[in-house]
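# Quick one: sequence plus predicted model below, questions after.
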Amino acid sequence: MSKSNILFIINPISGGKDKMKIPGLIDATLDRSKFNPNFSFTEYIGHASEIAEEASGKNFDIIVAVGGDGTINEIATKVMQQHKILGIIPFGSGNGLARFLKIPMNTVKAIEVINHQHTLLIDTGKFNDKHFFNMAGMGFDAHISSVFAGNKSRGLTGYLRLGLKEVLDYKAQVYHLNIDGVDYVKKAFVISLANSSQYGNNAHISPAASITDGLLDVCIVKEFPMYKLPLLGYEMVRGITNRSDLVEIIRGKQIKITRENDDAIHIDGEPFFMGKEIAASIAPLSLKIITPLI
């Protein structure tokens, strides 16, 4: 039986965790009767995308992202375009997509998932000209992603510390939305377009989201008094925001959003800057990904 050529692209800084031992763990755990493993470490932002692009001409069947949602985004964009297979070993701050797919946070167990080679076709989103696979959005979550990107304290603790510092000064904005031809005007603290259910760390903004239904969940976090912030956090951790008075969820395929100013957005947790008008869409079942047998 012929072996599959598999490339592990490792982001050494994602999640603030050391990954120099990852190749050794993979060598010890990967089923060598099925795979020929290769390894590459990223050196700068965007490097994972470049490595994945180069891999297209080198006969790799599977490309594995070793990192967080941002690293997955860079690699999955190229994997999807090349019609290859994506694998994930989660090593980020939140690991939203991996957690949604029930890929183990334990590295050895995540490698064992790859050994089984069970694949699933999932939907992917687009936010203007950028692809996303887990979550994209604007408002406070995009603002805090932008601030967090320049902070040296990676990980959940650093993210929460910055969030609590910034949240008191952030003001809700007015957004004009068109979702599959229906117009809405909403004053919102956050607008998130969810492919999966969660941002990461099991904080669910759209608990009933599906990555195979051909729809994006437009999650509108309404303007609220700060004393209700713990309630919103509780509802996200419990996975009940779809029953919350603080969150409205509208599903759709084609979404247009107009906001008051050019501002930050985030794509799978990574900050970018976009103009006032944003178009989002869903590409059903467009990425093949290795998942657990569930």
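Received it, and whenever you're ready, just let me know what you need.

# Tell me how many other residues crowd Asn115.
15 (other C-beta atoms under 10 Å). C-betas here are computed from N, CA, C, even on glycine.

# again, but for Lys171
8.

# Kindly report the same for Ser146.
For Ser146, using other C-beta under 10 Å, the count is 18.

# Now do the contacts for it.
When contacts are counted by C-beta atoms under 8 Å, 6 or more residues apart in numbering, Ser146 touches Ala264, His266, Pro271.

# Looking at these, which is nearest Tyr234?
Nearest to Tyr234, judged by C-beta to C-beta, of the contacts of Ser146 is His266 at 23.0 Å.

# Now the closest one. Its backbone dihedrals?
phi -130, psi 150 (degrees, to the nearest 10).

# and it, how far is that from Arg238?
As judged by C-beta to C-beta, to the nearest Å, His266 and Arg238 stand 24 Å apart.

# do the same with Thr291
For Thr291, the distance to Arg238 - C-beta to C-beta - is 24 Å.

# What are the buried residues along stretch 180-196?
Buried residues in stretch 180-196, counting neighbours by 16 or more other C-beta atoms under 10 Å, are found at Lys186, Ala188, Phe189, Val190, Ile191, Ser192, Leu193, Ala194, Asn195, Ser196.

# Just the CA coordinates for that stretch, please, in PDB.
This file holds the C-alpha atoms of stretch 180-196, laid out as PDB (Å, rounded to 0.1, in the frame of the first residue of the first chain):
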ATOM      1  CA  ASP A 180     -30.300  37.000   2.000                       C
ATOM      2  CA  GLY A 181     -32.200  40.100   0.800                       C
ATOM      3  CA  VAL A 182     -33.700  41.100   4.200                       C
ATOM      4  CA  ASP A 183     -32.600  44.500   5.700                       C
ATOM      5  CA  TYR A 184     -31.800  45.000   9.400                       C
ATOM      6  CA  VAL A 185     -30.500  48.000  11.400                       C
ATOM      7  CA  LYS A 186     -28.800  46.900  14.600                       C
ATOM      8  CA  LYS A 187     -26.900  48.700  17.300                       C
ATOM      9  CA  ALA A 188     -24.300  46.100  18.400                       C
ATOM     10  CA  PHE A 189     -21.400  45.500  20.600                       C
ATOM     11  CA  VAL A 190     -20.200  42.700  18.400                       C
ATOM     12  CA  ILE A 191     -21.200  41.200  15.100                       C
ATOM     13  CA  SER A 192     -19.700  37.700  14.500                       C
ATOM     14  CA  LEU A 193     -20.200  35.500  11.500                       C
ATOM     15  CA  ALA A 194     -19.900  32.000  12.900                       C
ATOM     16  CA  ASN A 195     -19.200  28.900  10.900                       C
ATOM     17  CA  SER A 196     -18.500  26.800  14.000                       C
END
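
# pLDDT averaged over that stretch - what is it?
Averaged across stretch 180-196, pLDDT comes to 97.

# So what's the gap between it and the chain middle?
18 Å (C-alpha atoms, centre = their mean, to the nearest Å).

# In helices only, show me the buried residues of stretch 180-196.
Assignment to helices by DSSP state H places none of those there.

# Out of those, flag the one nearest to Leu25.
Ser196 (26.0 Å).

# Between His266 and Arg238, which is the more surrounded one?
A direct count of neighbours by other C-beta under 10 Å for His266 and Arg238 places His266 higher, at 27 against 13.

# List the contacts of the more buried one.
By C-beta under 8 Å, 6+ apart, the contact list for His266 reads Met135, Ala136, Gly137, Met138, Asp141, Ala142, Ser145, Ser146, Phe272.

# Tabulate the residues you listed in CSV, adding columns for secondary structure and distance to Ser206.
Shown next, in CSV, are those (DSSP: H, G, I helix; E, B strand; the rest coil; distance: C-beta to C-beta, whole Å):
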residue, secondary structure, distance to Ser206
Met135, strand, 9
Ala136, strand, 13
Gly137, strand, 11
Met138, strand, 16
Asp141, helix, 13
Ala142, helix, 17
Ser145, helix, 18
Ser146, helix, 22
Phe272, strand, 21
